[in-house]
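Visitor: Take this sequence and fold it.
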Amino acid sequence: MRTPGREHRRRRRVGRAPAGEAGVLGVDPGSLTIGGDSSGANLAAAAALLARDRGGPAPVAQVLEIPALDLTLSNAEREPDPGAVVLTFDELAANVERYCDPDRRSEPYASPVLAADLAGLAPTLIMTAEHDVLRGDGRAYADRLAAAGVPVTLHEWPGHVHGSHDMTAVVASARDWQAEVDAFLRAAVGAGR
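Guide: Numbers count the residues shown, from 1 in each chain. Have a look, this model is predicted:
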């Protein structure tokens, strides 16, 4: 049986960011990156903002794929091509409804594209799909990052739908998509050392 003091110390130690224990974990803090796709890209962008705002470990790069970055849906495309869309605007709106209270959707950690200041974030790769209602979120965030002086690369992939970047076994350009992400991260990690 653990005493309350030991449990508290254990939780605090487990919850600490890996960058804070780089030596213990054998992690190079100069190679910390962050990323995600769709709602995961939302979480990654929010975590990068939070780390910057609270003096947390700074990633050397972030990769945001088919990102959902504006829960107010002001950048979402209604239907970029109804015949090729996997995620519809109505499905996106329903997902947002389940995920976040309406009065919190414009907060920067819910909608990173609406943050007042994006300066000081890591170089960013944003990958969007031609037939995706979230394509506008990626464009808007890339524009805001560039205006804030953050190095950003936006690649809009023709012919792709929401999630097709993972179909590397059947979509040749999905392999190219993944190769671009890998190259970006390798370059960022190499520059961070």
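
Visitor: most centrally placed residue in the protein?
Guide: Most central in the chain under C-alpha atoms, centre = their mean is residue 41, positioned 2.6 Å from the mean C-alpha point.

Visitor: ok, it - contacts?
Guide: By C-beta atoms under 8 Å, 6 or more residues apart in numbering, the contact list for residue 41 reads 35, 64-69. Where you see a C-beta, it was placed from the backbone N, CA and C, and this is true even at glycine.

Visitor: average pLDDT for the one helix or strand it maps to?
Guide: For residue 41, the host element (DSSP states H and E) is helix 39-53. Helix 39-53 comes out with an average pLDDT of 96.

Visitor: Now it: buried residues?
Guide: Of the residues in helix 39-53, 39, 41-49, 51-52 count as buried by neighbour count, 16 or more other C-beta atoms under 10 Å.

Visitor: Also stretch 101-108?
Guide: Neighbour-count burial for stretch 101-108 [16+ other C-beta under 10 Å]: 105, 108.

Visitor: ends of it, how far apart?
Guide: 14 Å (C-alpha to C-alpha, to the nearest Å).

Visitor: quick thing: my sequence starts at 44, can you match it?
Guide: Fine by me, first position is 44 from now on; the one you just mentioned is stretch 144-151.

Visitor: starting at the chain centroid, how far to it?
Guide: 18 Å (C-alpha atoms, centre = their mean, to the nearest Å).

Visitor: hmm, who's touching that stretch?
Guide: Stretch 144-151 is contacted by residues 89, 92, 114-115, 139, 153-154, 157-159 when judged by C-beta under 8 Å, 6+ apart.
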